[in-house]
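**Q** Mind folding the following:
(one chain, ligands or ions: 1)
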Amino acid sequence: MDQHSKTREKNPLLTSSGLPPFHLIQPGHVVPAVTQVIGEIEGKVESLEAHLEPTWDGLLEPLEKLDLPLEYAWNPVVHLLNVRNSEALRKAHETMLGNVVALGLRLRQSEPIYQGMKALRQSDLWNRLSNAQRRVVELKLRNGEHAGVGLTGEAKNRFIQMEREISQISTDFSNHVLDATKAFELIITEEEDAKGWPESLRNLAAQSFNQARRDTDVKATPERGPWRITLDHPSFVPFMQHSRRRDQREKVYRAFITRASEGNLDNTEIIQRMLRLRKEKAELLGFGSYAEFSLASKMAPSVTAVETMFQELQRASSPHAFKDLQDLKRLARRQGQTEPIAHWDLPFWAERLREKRFDYTEDQLRPYFPLPRVLRGLFSLCQKLFGILIEPADGEAPVWHADVRYFRVLDQDGKRVASFYLDPYSRPQEKRGGAWMDNCLVRRRLDHEIRLPVVHLCCNSTPPVGEKPSLMSFSEVNTLFHEFGHGLQGVLTTVDLADVAGVNGIEWDAVELASQFMENWCYHKPTLIGMTKHVDSGEPLPDDLFQKVLAARTYRSGSLMMRQLELGMIDMELHHSYTPAGPESPFDLHRRISMQMSPLPPLPEDRFLCAFSHIFGGGYAAGYYSYKWAEVLSADAFAAFEEIGLENESAIAKLGRRFRETVLAPGGSRHPMDVFKDFRGREPSTEPLLRHNGLVAPSGSDE
Ligand code: ZN
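**A** Sure, this is the predicted structure:
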C-alpha cells in the first residue's frame, strides 16, 4: 500500500462518496487533507489548461468534477466550524482558508479556461448544449470577467492593485466600526434608572459590566446593577426601547449615529476613497457605474427597475410612516412628555404603543409550539403543496451532535429524492448564532449515476428543558419555515450540474424567494393553528392570540419600509449617479435623501454612513435594495396562492406542484426573471407586498 492510499484510509476528509463521516472528523485531519486535495486539483488545473478542448466534454465536464474532492475535504470543515466550533478547528480552518480562496480565484482568473469557454460560446456546439449547460458557461464567463480575466497589460495591473486596496480599506472600515462600537459605554448605577427594563436587558447589562470590570471588586447583579449599556444591538436596541431616562437615551443615540466619524477611527476618508475606487473598477470593466456592475450579476434588470420599485413602495408607505409618527407624538403628549418628540424617543414610544395594542408576549405563545408538532405541520404543508413525503431517518447518517436529526424526502411514488439534516437547538458554546441552510452534498451526476442532494438546516431554537419538548417562539417558527424554504430548493432540484443545482448559481437578490415564500404560511390561519398544541392542555392556539399575532405583523410597517427604502436609495445613488469628490459630500447626499424619506429629519451631525458596514465593509454595495426586491418576489409568489383561494385544496395542490416545477426544480439553471415569469406569467408586482404589510390604504387612528 503506498503512502497516499494509507492517509486516504485514515483521514475521513479524504473520501469522495457517501455522506461525510462527521463523527470521525478531527481538527488534526484538516491541514493534511485539504493540502493534499488542493495540490491534486492544482495539478489537474494545469494539465487542463495545457490540453483543454473548447467543448463541454473537453473543458466543462472536467471543471465540474474538479471540486468534488473539496466538497468532501473542505465543506464539512466549514460546517463543523459553524456547529462544533473549537479553538483547534478554528486554527486549522484559518490555516487553509487562504489556499482555498486562492484556488477559487486561480480558476476564475485562468486565461486559457476563459478563452476556451469563449470559443465554445462562439462555436456551433453552443446551440447543442442544454439550457442548464449554457447557463453554467455564462455564469463562469461572467464571474471571470468580474474578476478581471478579460483585462490585459496596464489595465490588468491597475485592476489587481485596486482589488487589493478595496479589500484592505473594506476591512479597515469594519474594524473602525467594531472599535468605535466597543469604545462607548454608559454605566448605570441608580436602580431608579433601570425601572421598566425587561429581565433580559438587566441580565445582559449586568453581565456586560462584570465582563468589562473583571478587575474591580464590584460585582453587578441583574436586580441591583451596576449595568453597562453599549452600542451593540442586543444592548442598544432594548435600552432605547425601555429606558425611561430621556437624557440617557439621547446620549446613547448620539453616540450611535456618530460612530467611527472622528479621530483615528474616522471612516470619512475611506468612504470617499471606496466610492472612487469602485467607480474606477466598474469603468475599467466596461460599466457606466458601480451600480450597473453590481446589477450585472443580479436578477434586477437595471438601476431604473430598482428605482421604480423604490418609488412604488415609497408612494404607498409614506403616508403610513407619517401617521405612525403622529401616533407616537400623541401618545408621548398624553403620557406627559412636554418636549417635542426626538429620534431618541421613537423606539421608546413605539414600544409603549405596541404594549398597548398587542398585549401578548413571545413567551405566552411558546407552550403552543412544541417542535415535534411544528415539524408535523410543516411536513404536512409540504406534502399538500409539493406532493412530497418527509420521514425521519435518524440513525441512517453520521451526525456531529446527539440532537441532530436526519430526514429522507420521498416523491409521490415513494422514490427517494433527497435527504436533510436538521440541527434545531442553540448551543452557545460551540454553534454560531442565527439560522442558515447550506449544501451538504449538492445534486450531481457522477459516472452516469445521479447523486441525490443532502442539505443542512441549522437553527438556534430554544432547547428542550427536562421532559418537555422544545417550545418554540413564534419567530423561531418563522425562522424554521424560512430555512426550510431554502432547503426545499436544495432538495427538490432536478438539475444534475452542481454549479447550478439547488440554490447554487441563483442571483442573490432572488435567493430569498423560496425562503420568504414559506414564511407566509405562518400567517395562514389553518396552517398555523394546525401546528399548535399547548404542551400541557393540548389546546390549539386561541383565536384572539392568533388575531394579535396577525395584527403585530403590520405594526409600524410603513415606518420600517421607509427606513429600508431610505438605506437602499442612499446605497444605490452613491454607487450610480454620485460623483466622488464632487460638490456634494456623501453626508450631504444622505441628508438630502433622508429629508425626503424620514418623517423626522436627521440631526445635522448624523454620520450614520460611517458605520454603514453593509455597503462599505461587506458585500451589499449597490445591493442593499435586494432585501426589498426579494420580499416583493416572495409576496407576489404567495399572492398567486391567495388569488386561487387558500382554502381551495385541489387548486392549491395544483399550484404548489407548479411552484415546485417552475421555481424549486430548476434552481440556478435559469435566470431568476425567467423562473419568476414561468411561475407567475408576468414580471413581479409590488402590490402583494404592500397589501401583506397593510400599506394599501391609510388606516384610521386607533390608538
Ligand atoms: Zn434566507
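**Q** in the protein, what residue is nearest the ion?
**A** Nearest to the ion, among the residues of the chain, is Ser515, at 4.2 Å (C-beta to the ion). Using the backbone N, CA and C atoms, a C-beta is placed for each residue, glycine as well.
**Q** Could you list which residues are in contact with that residue?
**A** Counting by C-beta atoms under 8 Å, 6 or more residues apart in numbering, Ser515 touches 437, 482-486, 634.
**Q** if we go to 6 Å?
**A** Listed by C-beta atoms under 6 Å, 6 or more residues apart in numbering, the contact partners of Ser515 are 482, 485-486.
**Q** Repeat that for Ser685.
**A** Asp636.
**Q** so where's the protein shaky on pLDDT?
**A** Low-confidence segments of the chain (pLDDT under 70): 1-9, 697-703.
**Q** Which residues of the chain lie near the ion?
**A** Within the chain, the positions near the ion by C-beta under 5 Å from the ion are 512, 515.
**Q** residue boundaries of the strands in the chain?
**A** For the chain, the strands defined by DSSP state E cover 186-188, 227-229, 389-392, 405-410, 416-425, 436-441, 444-446, 449-451, 454-461.
**Q** Give me whichever of the ones you listed is most buried.
**A** Stretch with highest mean neighbour count among the strands of the chain: strand 227-229 (a mean of 25; mean count of other C-beta atoms under 10 Å).
**Q** could you say what helices and strands it packs with?
**A** Under the contact criterion of 3 or more C-beta pairs under 6 Å, 6 or more residues apart in numbering; DSSP states H and E, strand 227-229 touches strand 186-188, helix 199-212.
**Q** now for the ones you listed, which one comes closest to Val77?
**A** The closest of these to Val77 is helix 199-212. By C-beta to C-beta, the value is 30.2 Å.
**Q** Just give me how far that closest one sits from the chain centre.
**A** Remark: helix 199-212 is offset 28 Å from the chain centroid, using C-alpha atoms, centre = their mean, to the nearest Å.
**Q** got it, and stretch 309-318?
**A** Centroid displacement of stretch 309-318 relative to its chain, using C-alpha atoms, centre = their mean, is 23 Å.
**Q** buried stuff in it?
**A** Within stretch 309-318, the residues scored as buried using 16 or more other C-beta atoms under 10 Å are 309-310, 312-314, 316-318.
**Q** List the contacts of it.
**A** Under the contact criterion C-beta under 6 Å, 6+ apart, stretch 309-318 has outside partners 558, 561-562, 565, 569, 686, 690, 695.
**Q** And for stretch 631-644?
**A** Residues outside stretch 631-644 that contact it (C-beta under 6 Å, 6+ apart): 513, 516-517, 520, 651, 655, 684-686, 688-689, 692.
**Q** how close does the residue of the chain closest to the ion sit to Glu87?
**A** Distance, Ser515 to Glu87, by C-beta to C-beta, to the nearest Å: 33 Å.
**Q** can you check Glu280 too?
**A** Where Glu87 is concerned, Glu280 sits at a distance of 41 Å (C-beta to C-beta).
**Q** between those two, who's got more neighbours?
**A** Set side by side, Glu280 and Glu87 show more neighbours around Glu280, with 15 against 8, by other C-beta atoms under 10 Å.
**Q** Report the spatially nearest residue to that one, omitting neighbours in sequence.
**A** Excluding its sequence neighbours, the residue lying closest to Glu280 (C-beta to C-beta, 6 or more residues apart in numbering) is Met162, at 6.5 Å.
**Q** wait, doesn't the one you found sit right on Lys281?
**A** Yes: using C-beta atoms under 6 Å, Met162 is in contact with Lys281, at 5.3 Å.
**Q** Spell out, range by range, the helices that occur in the stretch 451-600 of the chain.
**A** Ranges of helices within the stretch 451-600 of the chain are 474-491, 513-519, 525-530, 543-553, 557-574, 586-597, based on DSSP state H, counting those that start in this stretch.
**Q** Give me the contacts around stretch 147-161.
**A** Contact with stretch 147-161 is made by 108-109, 114, 284, as judged by C-beta under 6 Å, 6+ apart.
**Q** Go through those and single out the one with the most neighbours.
**A** The most crowded member of those, judged by other C-beta under 10 Å, is Tyr114 (20 neighbours).
**Q** how close does that residue sit to Gly148?
**A** Applying C-beta to C-beta, the value for Tyr114 to Gly148 is 10 Å.
**Q** Over to Leu201?
**A** Shown here: Leu201 relative to Gly148, a distance of 48 Å by C-beta to C-beta.
**Q** go on, Glu683?
**A** The gap separating Glu683 from Gly148 is 33 Å, by C-beta to C-beta.
**Q** Have a look at the two and say which one is more surrounded.
**A** The neighbour comparison of Glu683 against Gly148 (other C-beta under 10 Å) goes to Gly148, with 20 against 11.
**Q** wait, what's in contact with Ala498?
**A** With contact taken as C-beta under 6 Å, 6+ apart, Ala498 is in contact with 442, 444.
**Q** can you count the residues close to Thr527?
**A** By the criterion of other C-beta under 10 Å, Thr527 has 18 neighbours.
**Q** Surely it is in contact with Asn520?
**A** No: in this structure, Thr527 is not within contact of Asn520 by C-beta under 6 Å, at 9.5 Å.
**Q** before we move on, the earlier item: Met162 and Lys281 - which one has more neighbours?
**A** More crowded of Met162 and Lys281, by other C-beta under 10 Å: Lys281, with 20 against 17.
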